[in-house]
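Engineer: Return atomic coordinates for the entry below.
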Amino acid sequence: MSYDPDNIFAKILRGEIPSFKVYEDEQTYCFMDIMPRSAGHCLVIPKTPCRNILDASPEQLCACMATVSTVANAAMKAFGADGITLQQFSEAAGGQEVFHLHFHILPRHSGKSLGPAGVMGDMEVIKAHAEKLIAALG
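Structural biologist: Numbers count the residues shown, from 1 in each chain. Sure, this is the predicted structure:
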């Protein structure tokens with residue numbers, strides 16, 4: 001299957017759809033998930049086109065993993081987390097809904113389950129969580 005340049009994450013990268021940016025470098029972009037399953041739930045994507053891990057280049061994967069590591073460590077600090085869940089879904093049968101490679105970083109606390117999937121979050125809370133992550137990255 002081919003990459004769709006009109007997917008929502010491609011539109012975010014082009015500035016056509018707003019996002020709460022947490023981190024950006026030459027190769028990756030990290031922003032808050034608007035349907036968070038935990039406080040601080042964010043996404044890391046490559047700036048270059050690829051559908052998922054199945055067609056990603058080694059360079060795209062390395063760049064994303066470096067950003068995941070940086071942001072995950074900041075999330076541990078910012079949210080007093082006990083751990084991190086990292087999720088990546090490839091193809092519809094694997095649970096992928098947006099066909100641009102992305103990694104979910106979910107700060108976790110012992111004994112607390114993830115919130116439900118697909119529930120829109122409070123934008124003010126998400127913005128505040130972005131600010132906490134940005135401060136922890138500082």
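
Engineer: so who does residue 25 touch?
Structural biologist: 63, 67 (C-beta atoms under 8 Å, 6 or more residues apart in numbering). Using the backbone N, CA and C atoms, a C-beta is placed for each residue, glycine as well.

Engineer: now it: how far from residue 83?
Structural biologist: Applying C-beta to C-beta, to the nearest Å, the value for residue 25 to residue 83 is 25 Å.

Engineer: could you list every residue that touches residue 102?
Structural biologist: By C-beta under 8 Å, 6+ apart, the neighbours of residue 102 are 9, 43, 44, 45, 88.

Engineer: residues near the first one, how many?
Structural biologist: So the one you mean is residue 9. When counting by other C-beta atoms under 10 Å, one arrives at 20 neighbours for residue 9.

Engineer: Only C-alpha atoms, please: export the longest helix along the chain in CSV.
Structural biologist: Taking DSSP state H as the criterion, the chain has its longest helix at helix 58-79. Only the C-alpha atoms of helix 58-79 are listed here, as CSV (Å, rounded to 0.1, in the frame of the first residue of the first chain):
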residue,chain,number,x,y,z
PRO,A,58,16.6,2.1,9.5
GLU,A,59,17.3,5.9,9.6
GLN,A,60,13.6,6.7,10.3
LEU,A,61,13.5,4.1,13.0
CYS,A,62,16.7,5.2,14.7
ALA,A,63,15.6,8.8,14.7
CYS,A,64,12.2,8.0,16.2
MET,A,65,13.8,5.7,18.9
ALA,A,66,16.2,8.5,19.9
THR,A,67,13.3,10.9,20.3
VAL,A,68,11.2,8.2,22.1
SER,A,69,14.1,7.7,24.6
THR,A,70,14.5,11.5,25.2
VAL,A,71,10.8,12.1,25.7
ALA,A,72,10.1,9.0,27.7
ASN,A,73,12.7,10.0,30.2
ALA,A,74,11.3,13.5,30.4
ALA,A,75,7.8,12.0,30.9
MET,A,76,9.0,9.8,33.8
LYS,A,77,10.2,13.0,35.5
ALA,A,78,7.3,15.3,34.5
PHE,A,79,4.6,13.0,35.6
